[in-house]
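In: Next come a sequence and a model predicted from it.
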Amino acid sequence: MTLIPPATTEGTAADAAPVVQVRDLHKSFGDNLVLRGIELDVTPGEVVCVIGPSGSGKSTLLRCVNQLESATSGNITVLGTEITDPDINIDAVRQHVGMVFQQFNLFTHQTVLENCTVAQRKVLGRSKAEATKVALHNLERVGLADRGSAHPTQLSGGQQQRVAIARALSMDPSIMLFDEPTSALDPELVGDVLSVMRDLAQQGMTMIVVTHEMAFAREVADRVVFMDGGVVVESGPPAQVIGDPQEPRTRAFLDRVLNPTHTDEGPAAA
Amino acid sequence: MTTPEAAPSTVAPRATVEARTRMSPRKRARISRGIQYGLLVVAVVVLAVSIDWGRVGDQIFNVEAAQDLFPKIPRAFLNTLMYTAAAFAVGLSLGTVLALMKLSSVGVYRWLATIYIEFFRGIPALLVVIAFAYAVPIALGVSISSLTLKAALALGMVSAAYIAETLRAGIEAVPRGQIEAARSLGMSHGRTLLTVVIPQAFRIVLPPMTNEIILLTKDTSLIYLMGLLPTQFDLTKIGRDALSSGSGGGLTGLFVAGIGYLCITIPLGLLARWLEKRTGKGSRS
C-alpha cells in the first residue's frame, strides 16, 4: 500500500508499476464531502480521461494528485513518493508533474517565452540558453514557436492554453494533468488544443485528463473513469464506458451529454 | 439640472405624446449644455469683476517678492525632496513588514499589525511629528540629532500604516490561479512570492502607491514643528517665513511654495502613469 512493489500491481495493465496510485481518498470542504473513497491507478504511458457531471469531484481528484488540494484522508503515491505524507517535499514531486488549468493561468507579467523558462531556471537550475532552447522546442510542438515575445493577453484562449501546455512540458514532466483544458475556450479554438493533447498521448505521455470532450475521450483515452457524487462509478476502456455503459448513472450522464446538445461531437453513443 | 425648460418634461410621462414631441431629448440636451456654458461664463465674469487685481498682484503674485525669494528655492526644494524620499524609505520598509505581518499565519502578528495600522492611520501626522520632536526625547531620554532621520521616522511611521494596507490589498489581489500555476511547476512558497506574486502586486499597487508618495510630499510641510535651521528649510517654511517677515509681497511666498510642490507631484503622477503603461502590456484580460 505504501511503497510500490514492482511485480505485484493490482491494476489491469500489469506490465508496469503505477506512477499514480490513489487509495481510499476522501476530501471534504467543511461539511461538504466531495470525494468519498477514490481508488485509481495510472500506469506509465497510460491516458486516463475522467468524466462526470459538474460537482462530481473530478477536478478535486486531479488537484489532489499534485497536492493543490490536500487529502482529508487516504493515500496518494506519485512516482513512488507518498505525497499525502505531510513531511515530504511536495515541490520535488510537482516539478515532475505538469498541470494545465481550465483558465490557463499564464503569468500575466511575463512574455510567452518567459512563462516557459522561468520555472526551468528557478526550479531546475537550467541556464538561460538551455531553458530557452527547451522552451522553443516545446513551443514548436504546440505550434507557437513564433509567439515567444508576445504577452499572454495578446493571444487567443486556444493559443494561451497551448502555451500553458508548452510551459508544463518544458519541465520534462513524467505525468501531465489536464483540468478541463478546453472548457473555457470558444468552440472553434477547442480543436487546436485537443490535437496538441492527442499528439502528446501518441508520444507516450502519461496523462490524466478531466474533460467534457467525449469524442476526445473515446478516441485518445486508454481508460475512461466516470465519477459521480465523489465516487468512481465506472471505469474501463472507452468502448466499454462510453460505448456500452453498464451503470444507470453513467448511461444517464452520457445520454445528457451526447444527445441533446453536442451533435457535432461525432457519432452518438451506440 | 432644474431649468424652466425642463419643468414640463418632469410631468411628461403622464402627459400626452404631443407633450413629449414638443421637446425632443436632443433639444433638451442642447439647452442643458447651453445653460452649463452660460453659468461658467457668468461665474468667470463675476470673479473677474469682484477681484481687486491690484491687490492680488501686490499681495499674491508679487513678481519682485518672488524674485527675492528665488535664491532660497532650490535648497528648499531639494530638502523637501530629501525628507520625502527618506520618509518613503522608512514607510515602504516598515509598511512591507506590516503587510507581511497582516498576512501571517500567526495570529499575534496579525493583531499587532492591525493595532499599529489602526493607530497610526487614525491620528493626525501633526501629532506624530510633535511627539517625535518632544515626547520621544522626554520618554526615552534620547534625542535624535539628525533632523532628516527624525522627520523620516515620524512621517514614515504614519505612512507605513497606509502603505501596509495598500501592499496587503495588492498581494491579495493577485489571482489565486497565478499562485497555483507557479506551485504546480515546482516553485516553493517563497519562490512563488518573489517570482510571481510581488511583481504582479507591484503593478496593482502602483496607482495607490503614487498617491502615498504625493501625500507624503505634502506632509513634509509639518516638520517645521521640529525646529529647522535655515539650511534645513523646506518649501512651506520658506513660504511661511516670507509671509511673516513682512518684507512685502504678502502671500506670494506661499504661492511660490505651492508651485514648488506641484513641480514634484505632477512629474510623479506622470512617471506613475508611464510606468503603468509600460508594465500594463501584460495586464489581465
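Out: Received it, and whenever you're ready, just let me know what you need.
In: pLDDT value on residue 228, please?
Out: Reading this off chain A. For residue A:228, the model assigns a pLDDT of 95.
In: try again with chain B
Out: Looking at residue B:228, the pLDDT reads 82.
In: hang on, it is in a strand, isn't it?
Out: No: checked against DSSP: H, G, I helix; E, B strand; the rest coil, residue B:228 lies outside a strand; its state is coil.
In: Distance of it relative to chain A?
Out: Separation of residue B:228 from chain A (Cβ to the nearest Cβ, to the nearest Å): 43 Å. C-beta coordinates here come from the backbone N, C-alpha and C atoms, glycine included.
In: Just give the nearest non-adjacent residue to that residue, would you?
Out: residue B:237 (5.8 Å; Cβ to Cβ, 6 or more residues apart in numbering or on different chains).
In: go on, residue A:224?
Out: residue A:241 (4.1 Å).
In: Residue A:18 contacts residue A:45, doesn't it?
Out: No: if you go by Cβ atoms under 8 Å, residue A:18 and residue A:45 don't touch, sitting 11.3 Å apart.
In: Looking at those two now, which is surrounded by more residues?
Out: Legend: neighbour count by other Cβ atoms under 10 Å in any protein chain shown for residue A:18 and residue A:45, higher for residue A:18 (22 against 16).
In: Need the nearest residue in space to that one, chain neighbours excluded.
Out: Residue A:18 sits nearest to residue A:41 (Cβ to Cβ, 6+ apart), 4.1 Å away.
In: And the one you found, how far from chain B?
Out: Relative to chain B, and taking Cβ to the nearest Cβ, residue A:41 is found at 22 Å.
In: My read is that the residue nearest to residue A:224 contacts residue A:227, right?
Out: No: counting by Cβ under 8 Å, residue A:227 is not a contact partner of residue A:241; they are 11.2 Å apart.
In: Residue 83: how many residues sit nearby?
Out: The chain I'm using is chain A. Counted with other Cβ under 10 Å, residue A:83 comes out at 24.
In: my question was about chain B
Out: 25.
In: just to confirm, which helix or strand has it in it?
Out: helix B:73-102 (DSSP states H and E).
In: Ok, residue A:182 next?
Out: Counting by DSSP H and E, residue A:182 is part of no helix or strand.
In: Go through the following helix or strand past the helix holding residue B:83 and flag the buried ones.
Out: Next helix or strand after helix B:73-102 toward the C-terminus (DSSP H and E): helix B:107-122. By neighbour count with 16 or more other Cβ atoms under 10 Å in any protein chain shown, helix B:107-122 contains the buried residues B:109, B:113, B:116-117, B:120.
In: So what touches helix B:107-122?
Out: B:98-99, B:101-104, B:128, B:157-158, B:160-162, B:164-165 (Cβ atoms under 8 Å, 6 or more residues apart in numbering or on different chains).
In: mind running it again at 10 Å?
Out: B:94-95, B:97-104, B:106, B:128, B:157-165, B:168 (Cβ atoms under 10 Å, 6 or more residues apart in numbering or on different chains).
In: Distance from it to the middle of the chain?
Out: 22 Å (Cα atoms, centre = their mean, to the nearest Å).
In: Give me the average confidence score over the helix or strand immediately after that helix in the chain.
Out: Remark: after helix B:107-122, the chain's next helix or strand is helix B:125-130, criterion DSSP H and E. Averaged across helix B:125-130, pLDDT comes to 91.
In: Please state the mean pLDDT value computed over the helix or strand following helix B:125-130.
Out: Proceeding C-terminally, helix B:125-130 gives way to helix B:136-140 as the next helix or strand, assigned by DSSP H and E. Averaging pLDDT along helix B:136-140 gives 81.
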